[in-house]
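>>> just a sequence and a predicted model for now, questions to come.
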Amino acid sequence: MGRATLIGTRNGRPPSGGGDAPPPGDEPVVLYARRKQIYPQLVFGNFRNIKWTLLGLTLALYYILPWLRWDRGPDAPDQAVLADFAGGRFYFFSIEIWPQEVYYITGLLILAAVGLFLVTALLGRVWCGYFCPQTVWTDLFLVVERFFEGDRNARIKLDKSPWS
């Protein structure tokens with residue numbers, strides 16, 4: 001059978017009370033762990049190439065979508081995706097949503113939430129590995145880090161060296 005110990009003690013002894021010095025050899029339990037530095041290594045292969053391609057497409061969509069033009073006729077904004085707060089309307093390509101049509105947005109958000117749930121349940125690893133914004137931006141920051149600090153071995157060597 002196992003031995004029962006008290007939480008926050010060593011050797012199964014209760015902590016001393018009354019401000020007395022702890023008995024010799026009874027060090028306090030340290031609950032703090034230093035952060036371990038992670039040094040990702042550069043990876044090559046087909047899946048990595050697919051990931052870089054999808055990263056480029058995702059970022060292109062993110063940056064180009066606000067600049068796309070859409071002809072809605074005279075006296076209408078010509079931006080494809082626009083939230084017109086002054087006019088109280090939302091434009092999404094050929095769809096124009098007024099404030100009294102908020103139920104469309106509500107339905108769309110509910111469908112998006114259910115869709116996100118289903119996609120995450122069925123293809124969670126694909127989402128997290130290729131499309132998730134956190135993954136996309138982390139990969140981009142790793143490229144910047146590799147440019148300024150070098151590859152994995154150079155970063156390890158740099159971290160072990162003294163400050164200059």
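Here it is on my side, so go on. Numbering: from 1, shown residues only.

>>> touching, residue 149 and residue 159? I think so.
No - if you go by C-beta atoms under 8 Å, residue 149 and residue 159 don't touch, sitting 9.1 Å apart. For glycine as for every other residue, the C-beta is placed from the backbone atoms N, C-alpha and C.

>>> neighbour count: the two, which is higher?
Neighbour count, other C-beta atoms under 10 Å: between residue 149 and residue 159, residue 149 has more, with 13 against 10.

>>> ok, that one - contacts?
Applying C-beta atoms under 8 Å, 6 or more residues apart in numbering to residue 149 gives the contacts 155, 158.

>>> quick check: phi and psi on it?
Dihedral pair for residue 149: phi -110, psi -10, per degrees, to the nearest 10.

>>> just the helices in this protein please.
Assigned by DSSP state H, the chain shows helices spanning 46-64, 102-126, 133-149, 152-160.

>>> got a markdown table for those helices, with mean pLDDT too?
A markdown table is the format used below for the helices of the chain (pLDDT from 0 to 100):
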| stretch | mean pLDDT |
| --- | --- |
| helix 46-64 | 88 |
| helix 102-126 | 87 |
| helix 133-149 | 86 |
| helix 152-160 | 89 |
